[in-house]
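**Q** predicted coordinates and the sequence they were generated for:
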Amino acid sequence: MSGHLKCRCDKPITDGAHLCAECVARVRDCLSKISERWEDLTDALASSEEGGEAGRQKGGMVSVGTNLNEAVSRARSLCSEILWFTVQVIREDLDDAGRAFNPPRWADEGEMAAWILQWQVPHITATTARETAEEIATDLVDAEKATWEALNPPPRWIAVTGCTMHTTSDKGERDPCTGVLRAKVGTGVMPDLECDADSTHVISPTTWGREGWKKRRASEPRRAVGC
């Protein structure tokens, strides 16, 4: 038991643990959310790989998917590292105490997080070393935050294809627009395609979603677009 009366967050400790009740609750919450989100992280990583090579064009449209969703991959790595570290801490503590360590066979890190949550929170927040308890608590918060951010990315602009509209030159001539059509994704709605060179060049989802529009784009000469 810890002789410290205050948690690292400066709140009082009333039960002899290394962390206050609020920080212990946060450890439980992080483990619960990591466990609940692991399948979604796995699905998100797989779906982000389906687009193939980053930036590859398909039928005149730039694929939104990437070869590797870096945010999801990073979140999974952070979770895996802290969960395995926690298990190793428990193993070493039990070895030092002359006790056997026989954890179950986990199918994945989601199950591992659920097991730690159900059986090992008192150990990692009170029995192991104070510094270790604080390190685990900190890393679990970082890992849980990463899972949320990976599964709930902020809206962002992506380049889709060259602008399909025209401009009028100083001489009154009709010239192809040299801009790039972009879409703001992650808003929860089907986006317009908006030209980065002329704000009046906007294509609604009802237009760009039609097969005829896609086929015409596929038959036109392709040119590289930048994000």
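**A** Cool, the structure landed. Residues are numbered from 1 along each chain as shown.

**Q** what comes up buried for stretch 114-128?
**A** Applying a neighbour-count criterion of 16 or more other CB atoms under 10 Å, the buried positions in stretch 114-128 are A114, W115, I116, L117, Q120, V121, H123, I124, T125, A126, T127, T128. For the C-beta atoms, the positions are set from N, CA and C on the backbone; glycine is no exception.

**Q** and stretch 145-155, by the same measure?
**A** By neighbour count on 16+ other CB under 10 Å, the buried set for stretch 145-155 is A146, T147, A150.

**Q** what's the answer for stretch 24-32, then?
**A** Quick answer for stretch 24-32 (16+ other CB under 10 Å): V24, R26, V27, R28, C30, L31.

**Q** state the mean pLDDT of that stretch.
**A** Averaging the model's pLDDT scores along stretch 24-32 yields 98.

**Q** what residues does it touch?
**A** Surrounding stretch 24-32, the residues in contact under the criterion CB atoms under 8 Å, 6 or more residues apart in numbering are 17, 19, 113-114, 116-117, 121, 124-125, 136-137, 140-141, 143-144.

**Q** return the subset of those lying in helices.
**A** A113, A114, I116, L117, V121, I136, A137, L140, V141, A143, E144 (DSSP state H).

**Q** let's see the pLDDT reported for the fourth one.
**A** We note a pLDDT of 98 for L117 in this prediction.

**Q** contacts only, for the residue lying closest to G186 once chain neighbours are set aside.
**A** By the measure of CB to CB, 6 or more residues apart in numbering, the closest residue to G186 outside its immediate chain neighbours is P155, 4.1 Å from it. Contacts were defined as CB under 8 Å, 6+ apart; by that measure P155 touches K184, V185, G186, T187.

**Q** contact partners for the first one?
**A** Listed by CB under 8 Å, 6+ apart, the contact partners of K184 are P155, R156, W157, P191, E194.

**Q** tell me which element it falls in.
**A** If you go by DSSP states H and E, K184 is part of strand 180-185.

**Q** so after that strand, what's the next helix or strand?
**A** strand 193-195.

**Q** centroid residue for this protein?
**A** When the chain is reduced to its mean C-alpha position, the closest residue under CA atoms, centre = their mean turns out to be A150, at 1.1 Å.

**Q** that one belongs to a helix?
**A** Yes - following the definition DSSP: H, G, I helix; E, B strand; the rest coil, A150 is counted among the residues of a helix.

**Q** so what's it up against?
**A** Contacts here follow CB under 8 Å, 6+ apart; on that basis A150 touches L41, A44, N69, A71, V72, R74, A75.

**Q** ok, of those, which come out buried?
**A** Members of those that pass the buried threshold by neighbour count (16+ other CB under 10 Å) are listed as L41, A44, N69, A71, V72, A75.

**Q** three-state assignment of the fourth one?
**A** What that stands for is A71. Taking three-state DSSP as the rule, one finds A71 in the helix state.
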